[in-house]
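K.L.:
Please work out how this folds:
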Amino acid sequence: MLLYSNYPLIRQHITTMFHRTASIITAIALPCILAECTSYSEVREKHPVYHPVTGITGPLAAVQNEIACAEKIHQHKPLEALGGYLAAAQTAMLQLQKSPRDVQAKNDYNYAVARVMSTIREARLDPWSQPLQVPSPNGGFILSHKFDPRPNWNPALYDFTPADHFDLHGCYVTQRTVKDGLGAPVVAVGKGENRLAKENFSMPRVYYGVTIVANFKGNHCDLEFIDPLASETVNLNGHTYPLAADFTVPLAVMLAANESRKLEIMRVFRPDNYAHTTHVTILQPYDPAKKVVLVVHGLMDSPATWTPMVNYLRGHPEIRKSYQFWFYSYPSGYPYPYSASILREKLDAIEKRYPLKQPMVVIGHSMGGCISRLLITDSGDKLWKMTFGKSLEQMKLSPENKDLLQNALIFRHRHEVGRVVFISAPLKGSDLANDWFGRLASKLVKAPSTLLKAGNDAFGLVKFQPGDLAVKTIPSSVDTLSPNNRFVKSINTIPITPGIPYHTIMGNRGKGGPPDCSDGVVPYWSSHMDGAKSECIVPSGHSAHQNPKSFEEVYRILKLNLRESPTVENP
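P.N.:
Residues are numbered from 1 along each chain as shown. Just a heads-up that it's a prediction; the model follows:
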């Protein structure tokens with residue numbers, strides 16, 4: 001009797017203990033996680049050093065002299081230095097006009113244009129709002145920019161830093177993906193918050209890579225901003241050249257400026273506090289001629305985890321030409337059927353703004369693979385009945401709660417999804433979710449209040465058998481990764497919608513082969529899918545999506561998709 005009378009107090013003590021334990025685990029786990037990777041991205045600025053080539057004669061000797069003189073005065077006489085860099089770029093351009101394959105002329109031109117941009121930035125000059133008069137020994141230049149009618153391409157909105165100003169460090173930017181060609185790659189960073197971010201499904205602050213080309217007509221110089229993800233070449237004075245690009249630096253600068261790691265952990269334990277971080281984001285201007293690749297991260301992760309793969313894929317011209325990347329970010333403490341329902345809502349919204357002309361490819365890692373699986377599944381009311389034991393019509397729920405649960409358990413496949421790649425996906429669950437740490441983690445994850453209320457109302461209307469008592473509450477994200485979870489068991493009785501090809505990639509730590517191998521978190525038997533078009537096992541732990549062999553496999557699949565992709569069916 002005493003035990004029952006004190007139950008509210010005991011429950012309060014237990015709840016307090018769990019909250020304190022969550023804080024302790026977070027404090028302990030964070031240094032361990034960070035130790036695995038010192039930093040996702042670190043960018044350190046430097047001043048590039050010009051290395052003149054000995055023995056050069058003719059116009060290029062003059063170019064080298066102009067650059068050398070400008071570098072001596074760029075700190076205390078920036079406007080005069082700018083004139084020297086412009087004169088060097090113009091002379092190098094004239095040499096290229098005579099000899100388009102002159103590598104030294106191209107390199108000097110690129111270096112001079114990059115220094116033009118760095119001088120504008122460091123001296124806070126403004127050739128964007130009106131033409132800038134620049135003195136030089138040859139009579140001076142009038143510096144401006146080539147007009148672009150798109151409002152977001154107004155250079156006055158950004159700060160520009162040449163890519164050669166950056167040294168990169170960090171585990172997500174170990175490979176620098178660059179393209180040789182004409183022009184100076186720069187990173188454009190928005191000067192303020194992107195007010196149209198929500199409307200355009202873009203980043204709150206713009207971080208983007210563009211390539212600058214200087215066009216001269218007499219003493220007029222127009223700086224042209226070219227998107228290397230949209231153009232492979234540039235025309236200068238009647239000659240066509242490959243366009244130079246640095247695809248890694250913009251990603252590295254963006255990662256370094258954002259606190260992805262902190263969010264990754266806190267969005268697991270307190271997902272409701274970070275509901276506002278749920279969004280689909282596009283990192284480049286939408287192009288209806290390109291297919292969408294939508295990537296979905298896993299538990300305790302964020303879109304940052306895809307940086308190595310995207311960096312690799314953008315190094316291939318056929319990928320740049322044919323694909324654009326979208327990212328789904330969500331608090332991974334949500335049970336994944338709920339995260340999938342939110343994703344469907346986001347896709348409905350984004351497609352009103354950017355109607356897809358071609359089917360998208362979805363790539364999901366870990367729990368993101370489970371979310372992706374629900375995009376190509378027709379559940380009918382089977383999951384509902386398996387969960388509650390009665391039909392939707394038989395349950396007297398409020399309209400709000402009914403809609404919330406219905407969206408999570410009753411859904412159709414997405415018509416715009418043409419292919420899916422599952423990477424280390426625990427489609428049949430993971431035994432780690434059942435061990436002591438998994439059970440504790442499940443208790444520490446605080447379910448979303450709206451979902452918890454809806455679930456409690458629904459479960460209150462159901463009479464369970466004794467063996468079903470454990471499902472009388474909304475499961476956490478950890479629960480929905482358990483092989484014994486009712487939803488996990490139920491979803492695996494429903495086949496994937498016919499006609500949508502899918503592929504699997506999984507890691508193997510080298511402790512045996514299939515069917516007994518594992519990536520250390522998800523075993524082979526859970527990731528394996530009998531109907532997959534292909535299966536690739538890579539030498540990796542659970543982060544198989546960051547393994548170079550996975551990059552190659554995804555590249556192969558995307559090229560295959562270009563040959564086999566069907567048209568978008570009507571919803």
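K.L.:
Please make it C-alpha for all contacts and neighbour counts, starting now.
P.N.:
Fine.
K.L.:
buried ones in the helix or strand hosting Leu94?
P.N.:
Under the criterion of DSSP states H and E, Leu94 resides in helix 78-98. Using 16 or more other Cα atoms under 10 Å as the test for burial, helix 78-98 gives 78-97.
K.L.:
so what does that helix touch, helix or strand wise?
P.N.:
helix 59-73, helix 103-122, strand 132-134 (3 or more Cα pairs under 8 Å, 6 or more residues apart in numbering; DSSP states H and E).
K.L.:
What mean pLDDT does it get?
P.N.:
Mean pLDDT, helix 78-98: 96.
K.L.:
most neighbours per residue, which of the helices and strands packed on helix 78-98?
P.N.:
Neighbour counts (mean count of other Cα atoms under 10 Å) averaged over each of the helices and strands packed on helix 78-98 peak at helix 103-122, with a mean of 22.
K.L.:
and it, how far from the chain's centre?
P.N.:
30 Å (Cα atoms, centre = their mean, to the nearest Å).
K.L.:
How about residues contacting that helix?
P.N.:
Under the criterion Cα atoms under 8 Å, 6 or more residues apart in numbering, residues 60, 63-64, 67, 74, 78, 81-82, 85-86, 88-90, 92-93, 95-96, 125-126, 159-162, 181-186, 212-214 lie in contact with helix 103-122.
K.L.:
Convert the C-alpha atoms of the helix holding Leu94 to PDB, please.
P.N.:
Taking Å, rounded to 0.1, in the frame of the first residue of the first chain, the C-alpha atoms of helix 78-98 are listed here in PDB:
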ATOM      1  CA  PRO A  78      45.000  48.800 -52.400                       C
ATOM      2  CA  LEU A  79      43.400  50.800 -55.200                       C
ATOM      3  CA  GLU A  80      46.800  51.100 -57.000                       C
ATOM      4  CA  ALA A  81      47.400  47.400 -56.400                       C
ATOM      5  CA  LEU A  82      44.000  46.700 -57.900                       C
ATOM      6  CA  GLY A  83      45.000  48.600 -61.000                       C
ATOM      7  CA  GLY A  84      48.200  46.400 -61.300                       C
ATOM      8  CA  TYR A  85      46.200  43.200 -60.900                       C
ATOM      9  CA  LEU A  86      43.700  44.300 -63.600                       C
ATOM     10  CA  ALA A  87      46.600  45.300 -65.900                       C
ATOM     11  CA  ALA A  88      48.100  41.800 -65.400                       C
ATOM     12  CA  ALA A  89      44.800  40.100 -66.100                       C
ATOM     13  CA  GLN A  90      44.300  42.100 -69.200                       C
ATOM     14  CA  THR A  91      47.700  41.400 -70.600                       C
ATOM     15  CA  ALA A  92      47.400  37.700 -69.800                       C
ATOM     16  CA  MET A  93      44.000  37.700 -71.500                       C
ATOM     17  CA  LEU A  94      45.500  39.200 -74.700                       C
ATOM     18  CA  GLN A  95      48.200  36.500 -74.600                       C
ATOM     19  CA  LEU A  96      45.500  33.800 -74.300                       C
ATOM     20  CA  GLN A  97      43.700  35.400 -77.300                       C
ATOM     21  CA  LYS A  98      46.800  34.700 -79.400                       C
END
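K.L.:
tell me the angle that helix makes with helix 103-122.
P.N.:
Counting by axes from the mean of the first three to the mean of the last three Cα atoms, to 10 degrees, helix 78-98 lies at 150 degrees to helix 103-122.
K.L.:
and for helix 78-98, what are the contacting residues?
P.N.:
59-60, 62-64, 66-67, 69-71, 73-74, 102, 105-106, 108-110, 112-113, 115-116, 119-120, 123, 134-136, 138, 140-141, 214, 216, 237, 239.
K.L.:
how far does it sit from the chain's center?
P.N.:
Using Cα atoms, centre = their mean, the offset of helix 78-98 from its chain centre is 38 Å.
K.L.:
what does stretch 96-110 give?
P.N.:
Taking mean C-alpha positions (Cα atoms, centre = their mean), stretch 96-110 and its chain are 36 Å apart.
K.L.:
next one: stretch 536-551
P.N.:
With Cα atoms, centre = their mean, you get 18 Å for stretch 536-551.
K.L.:
Same question for stretch 507-527.
P.N.:
With Cα atoms, centre = their mean as the basis, the mean position of stretch 507-527 lies at 27 Å from the chain mean.
K.L.:
Which secondary structure element is home to Tyr328?
P.N.:
Using DSSP H and E, Tyr328 falls in strand 323-329.
K.L.:
and what of Asn138?
P.N.:
Going by DSSP H and E, Asn138 is not in any helix or strand.
K.L.:
Identify the residues contacting Leu294.
P.N.:
Leu294 touches 325-328, 360-363, counting by Cα under 8 Å, 6+ apart.
K.L.:
Swap in 10 Å and give it another go.
P.N.:
280-282, 324-328, 360-364, 372, 417, 420 (Cα atoms under 10 Å, 6 or more residues apart in numbering).
K.L.:
any idea how far it is from Pro135?
P.N.:
The span separating Leu294 from Pro135 equals 49 Å under the rule Cα to Cα, to the nearest Å.
K.L.:
thought Val538 was touching Gly513?
P.N.:
No. The pair Val538 / Gly513 is not scored as a contact, 11.1 Å apart, by Cα atoms under 10 Å.
K.L.:
Which one's more surrounded, these two?
P.N.:
A count of neighbours by other Cα atoms under 10 Å puts Val538 above the other of Val538 and Gly513, at 20 against 12.
K.L.:
Please list all residues in contact with that one.
P.N.:
Counted by Cα under 10 Å, 6+ apart, Val538 has contacts 505-510, 519, 544-545, 547-550, 553.
K.L.:
Adding distance to Leu168, neighbour count and pLDDT, write those out as TSV.
P.N.:
Below are the contacts of Val538 laid out as TSV (distance: Cα to Cα, whole Å; neighbours: other Cα atoms under 10 Å; pLDDT from 0 to 100):
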residue	distance to Leu168	neighbour count	pLDDT
Ile505	29	23	98
Met506	29	32	97
Gly507	28	28	96
Asn508	30	24	96
Arg509	29	15	93
Gly510	32	13	87
Asp519	29	22	93
Ala544	23	23	97
His545	21	28	97
Asn547	20	17	97
Pro548	19	16	97
Lys549	23	17	98
Ser550	23	22	98
Glu553	26	20	98
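K.L.:
List just the nearest of the residues you listed to Ala256.
P.N.:
Nearest to Ala256 among these is His545, at 20.8 Å by Cα to Cα.
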